[in-house]
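In: Predicted coordinates and the sequence they were generated for:
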Amino acid sequence: MKALLDVIARHRSGEAIGITSICCAHPIVIEASLRHASKRGDGLVLFEATCNQVNQDGGYTGMTPADFVEFVRGIAARVDFDTARIVLGGDHLGPNPWTSLPPDAAMAKAEVMVAAYVSAGFRKIHLDCSMSCAGDPTPLPEAEIVRRAVRLARAAEAHANGPINGQLPVYVIGTEVPVPGGATESIEGLAVTTPQAALATIEAHRQAFLAAGLESAWSRVIASVVQPGVEFDHHNVIDYERREAQALSHAIRAVPNMVYEAHSTDYQTRDALGALVQDHFAILKVGPGLTFAMREALWALDAIDQEITPKQAQAHLRDVVLERMRAHPKYWQKYYHTAGQPLAVDLQYSLSDRVRYYWPDPVIEAARVKLFQNLSAVPAPISLLSQHLPNALHAVREGAATRDPLSLAMAHVSAVLDDYHHACHTH
């Protein structure tokens, strides 16, 4: 945690430095991130679990907050990564998983969730009560969002059980919060948060925290979520335009000890990510962009498997995933409104990457294991890696990866992490 606060302090002192917030619960991405940090010499890795991935009911991963902590620590132990260099955060913590309930019932569930996160050792807490619950107006008035955020902050403080490693929780606030996982409909453009709105939101939270007797908690608010003009939908990306965000960028300088947190930075270019950090969006959230890259690698490995493995032994991972997604549409049917071949494209290639909800499925996992077994027994030739996984081949030829299928998948994910590393470090 000290390393995270040091990043914020250094950024506030004028360094073009930031931190990548990895919002993912897949073991391949977690391991790739840890190995990437070791290779690049990063002193800190920030992993965040979302309220939909991990909560007291299990989320779509089946993990509680305590389970997630053990999950990450287990991977760290396997790759010999010092857990003291890992900070865990909770993303979009609020009533989002329970918006079908009335507000008080949903918030009661959210309080339990936040308490579970903090008790388990999560120390970066994003308070997000921006969504409407059953019977709420849409959009929810900012005053009510702030009131509910304070309610969750109180629950977090009550369950901190003293500082872990000398650090109490730190908080992220903000009412202009992008939808978790990317936009659900096609987007044509975005309105950048105005400086006036950004500062008013921060001030409203400050006054509410102090009125609730949460002065200590307010002193640990490190960032506010705003809209710098970046987003993605199923098949398009809105790229960062610095000129549009300059007034917003300058506004945070007037607020001591705080930076902006930028959500939905997935699929931005390396230069755009660097510009975001330089413009005080010092915390870069990425999630679907990493699991999308992992899915790309697995599809590529599946294609190689079909080239070199006898037909009767092929894993057909992609076919299995599509079959399971169609049989269990819970995680995509609200978002994809196509049919036939266009639906097949959405299911596989949407930038919102709804595939990520299905990796824990035991049938899919069995197919992935078979795929890896096939390509471990008969490694992919360089010629097919050049065709299907050129980034991973580059890593192999540099000695940064092997032709083991797990190593190849992680190398493909690491190419995305390289862009974030470049953006977040002074150069």
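Out: Right, received. Where do you want to start?
In: Below-threshold pLDDT in this protein: ranges please.
Out: Regions of the chain meeting the criterion pLDDT under 70 cover residues 161-166, 178-188, 427.
In: if you set the cut-off to 50 instead, what comes out?
Out: For the chain, the stretches with pLDDT under 50 are 181-183.
In: What segments of it are strands?
Out: With DSSP state E as the criterion, the chain has strands at 19-23, 45-50, 86-93, 124-127, 170-173, 221-225, 231-232, 237-238, 259-262, 283-286.
In: now those strands in CSV, with mean neighbour count?
Out: All C-beta spots, glycine's among them, are computed from the backbone N, C-alpha and C. Converted to CSV, those look like this (neighbours: other C-beta atoms under 10 Å):
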stretch, mean neighbour count
strand 19-23, 26
strand 45-50, 26
strand 86-93, 26
strand 124-127, 27
strand 170-173, 26
strand 221-225, 24
strand 231-232, 24
strand 237-238, 18
strand 259-262, 26
strand 283-286, 27
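In: I'd like those strands written out as CSV, with distance to residue 396 added.
Out: Output for the strands of the chain, formatted as CSV (distance: least, C-beta to C-beta, whole Å):
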stretch, distance to residue 396
strand 19-23, 24
strand 45-50, 24
strand 86-93, 28
strand 124-127, 35
strand 170-173, 38
strand 221-225, 38
strand 231-232, 30
strand 237-238, 29
strand 259-262, 33
strand 283-286, 24
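In: Quick check: closest non-adjacent residue to residue 119.
Out: residue 159 (5.0 Å; C-beta to C-beta, 6 or more residues apart in numbering).
In: which residues sit in contact with the one you found?
Out: 114-115, 118-119 (C-beta atoms under 8 Å, 6 or more residues apart in numbering).
In: ok, now with 7 Å
Out: Neighbouring residues of residue 159 by C-beta atoms under 7 Å, 6 or more residues apart in numbering: 115, 118-119.
In: Ranking by neighbours, what's the top pick from those residues?
Out: Highest neighbour count within the contacts of residue 159, by other C-beta atoms under 10 Å: residue 118, with 24 neighbours.
In: hmm, back to that, out of the strands of the chain, the one nearest residue 352 is which?
Out: Of all these, strand 231-232 sits nearest to residue 352, with 7.3 Å by C-beta to C-beta.
In: Which neighbours in the sheet does that closest one have, and how are they oriented?
Out: Using DSSP bridges, the strands paired with strand 231-232 are strand 237-238 (antiparallel).
In: neighbours around residue 15, how many?
Out: Residue 15 has 14 neighbouring residues, counting by other C-beta under 10 Å.
In: nearest residue to it other than its sequence neighbours?
Out: Excluding the flanking residues, the one nearest residue 15 by C-beta to C-beta, 6+ apart is residue 426, at 5.4 Å.
In: Check the contact between that neighbour and residue 13; I expect there is one.
Out: No - if you go by C-beta atoms under 7 Å, residue 426 and residue 13 don't touch, sitting 11.5 Å apart.
In: For residue 91, state which of the contacts of residue 159 is nearest.
Out: Closest approach to residue 91 among these (C-beta to C-beta): residue 118, at 14.0 Å.
In: Distance-wise, check the closest one relative to residue 125.
Out: Distance from residue 118 to residue 125, counting by C-beta to C-beta, to the nearest Å: 7 Å.
In: where do the contact lists of those two overlap?
Out: Jointly contacting residue 118 and residue 125 under the rule C-beta under 7 Å, 6+ apart are 156, 169.
In: OK, contacts around the residue nearest to residue 15?
Out: By C-beta under 7 Å, 6+ apart, the neighbours of residue 426 are 15-17.
In: In JSON lines: the residues you listed, plus distance to residue 408.
Out: Listed next are these as JSON lines, based on distance: C-beta to C-beta, whole Å:
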{"residue": "15", "distance to residue 408": "35"}
{"residue": "16", "distance to residue 408": "33"}
{"residue": "17", "distance to residue 408": "31"}
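In: Tell me the one among the residues you listed nearest to residue 409.
Out: When those are ranked by distance to residue 409 (C-beta to C-beta), residue 17 comes first, at 29.3 Å.
In: how much space is there between the closest one and residue 258?
Out: The spacing between residue 17 and residue 258, counted by C-beta to C-beta, is 15 Å.
In: Burial check on residue 102, number of neighbours?
Out: 13.
In: That one touches residue 134, doesn't it?
Out: Yes - Residue 102 lies in contact with residue 134 (C-beta under 7 Å); the separation is 5.1 Å.
In: Spell out which residues sit in contact with the closest residue to residue 265 other than its chain neighbours, please.
Out: Leaving aside its chain neighbours, residue 265 sits nearest to residue 284 (4.7 Å; criterion: C-beta to C-beta, 6+ apart). Contacts for residue 284 were tallied using C-beta under 7 Å, 6+ apart; they are 18, 20-21, 262, 265, 273, 276-277, 420, 423-424.
In: Do a quick rundown of the helices in the stretch 101-250 of the chain.
Out: All helices of the stretch 101-250 of the chain, identified by DSSP state H, counting those that start in this stretch, fall at 103-120, 142-158, 195-211, 215-218, 242-251.
In: Right, I'll call it a day here.
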